[in-house]
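Trainee: Prediction below, plus the sequence it came from.
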Amino acid sequence: MGEKQFIFREYEDSDLNGVLDLWEHSSGWGRPSENEFKKWLSTPFGEVIIYLALDNSERIIAQIFYTPTYIYLKGKEKLAAKVSAPIIQNDYRSSVYPESLSLMVELFLNGAKYAKKKGFEWLYVFPAYGWVKPLKSLHRIDLFPWELQIFSCLKILDKEVDLGNYYLNEVNEFSEDFNSVWKGFKSNYPNLSYVNRSIEWLKYKWGDELKIGIYDIKKNLAGYFIIKKSSGLILDFLMTDFSEAPTLLIKLKKFHLKWMIENSSYSGQDLKIIANDFLTPILEKVKTEKISYNFAFGISSTTSTEAIESIKGQSWFIFPND
């Protein structure tokens, strides 16, 4: 990279202010509070790995997260790390510094090697669409190939029918009943591949978003929706039995419209959902409209090319920010 020399290493406690400065000036998301940031780092499955790039004056110029969780490949539990929050200091972005992509790739590679040493068997990512091509080429550098898929985003239009055996209600917290839904889903859909949805993970991920319980006629929790308040995007939708899912999505459209009226600061948001492998035939029974946005999902093994080959063609039950 010319005369530029970079240091790549794991985050240390003394890096806190430097990393928060990077978020404030270069992320586009703003500066999180110290408490908020530290909360992100402590997950139910271990500490988040933050890998950093520093310039030759030891100023932090880039970061990337590796968040520990579990994925299930046709029911088999595997330790995984979600790759997210790539941030590069403005001075090193491509408009000023043409090799910024190389810097981020090098940071990604170093972080991935470190995650492998920590015992992670799989890495997965929801990259910005522009990162799909670079991910495809990483195996030529020093990683195993990535299995990449593109999923459409659909706007739900139906809101008239109100049938079925379930009703919806907003909930404020994740009760133990949510674990029963998770266990029922795993039991009933053993051939799907998906990310962990234990109650500990739900509490870590979705505390501040709109949580809606799905209840049967006996008032038992049968599933749930998580909706991003600011955009109307469905972040998660889980049931023990998806046979009435089309009707529930129509009920959700009506529920969401009513919720927006009662919470006017979030008004005007379309209800949207990812058309993942599992949901695609369900969504064909609901009136929807494709919007000009696609979700990219990538997964790679840290152990072997054969592991990647073994998951090709699997049916993914995946949601944004899983």
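Mentor: Thanks, I have the structure now.

Trainee: What separation is there between Trp201 and Glu160?
Mentor: Trp201 sits 35 Å away from Glu160, taking CB to CB, to the nearest Å as the criterion. Yep, even glycine has a C-beta here, placed from its N, CA and C like the rest.

Trainee: Which one's more surrounded, these two?
Mentor: The residue with more neighbours, out of Trp201 and Glu160, is Trp201; 19 against 9, by other CB atoms under 10 Å.

Trainee: I'd assumed Thr69 was in contact with the more buried one.
Mentor: Yes - Trp201 is in contact with Thr69 according to CB atoms under 8 Å; the separation is 6.6 Å.

Trainee: Name the residues contacting each of the two.
Mentor: Thr43, Phe45 (CB atoms under 8 Å, 6 or more residues apart in numbering).

Trainee: Run through the bridge partners of Leu148.
Mentor: As for beta bridges, Leu148 partners with Gly298 under DSSP bridges.

Trainee: Quick check, it in contact with Phe297.
Mentor: Yes - using CB under 8 Å, Leu148 is in contact with Phe297, at 7.1 Å.

Trainee: neighbour count winner among those two?
Mentor: Counted by other CB under 10 Å, Leu148 and Phe297 do not tie: Phe297 has more neighbours, with 22 against 17.

Trainee: quick one, what contacts the more buried one?
Mentor: So Phe297 contacts Tyr124, Val125, Phe126, Leu148, Gln149, Ile150, Phe151, Trp316, Ile318 (CB under 8 Å, 6+ apart).

Trainee: next one: Phe278
Mentor: Tyr189, Leu192, Phe242, Ser315, Trp316, Phe317 are the contacts of Phe278 under CB under 8 Å, 6+ apart.

Trainee: before we move on, what about Gly18?
Mentor: Arg59, Ile60.

Trainee: And it, which helix or strand is it part of?
Mentor: According to DSSP states H and E, Gly18 maps onto helix 16-26.

Trainee: what's the following helix or strand after that helix?
Mentor: helix 34-41.

Trainee: and that following helix, what other elements does it pack with?
Mentor: Contact partners of helix 34-41 among helices and strands, from 3 or more CB pairs under 8 Å, 6 or more residues apart in numbering; DSSP states H and E: helix 16-26.

Trainee: Which parts of the stretch 1-150 of the chain are helices?
Mentor: 16-26, 34-41, 100-117, 132-137 (DSSP state H, counting those that start in this stretch).

Trainee: If you count neighbours, what's buried in the longest one?
Mentor: Right, helix 100-117. For helix 100-117, a neighbour-count test (16 or more other CB atoms under 10 Å) marks 100, 103-112, 114-116 as buried.
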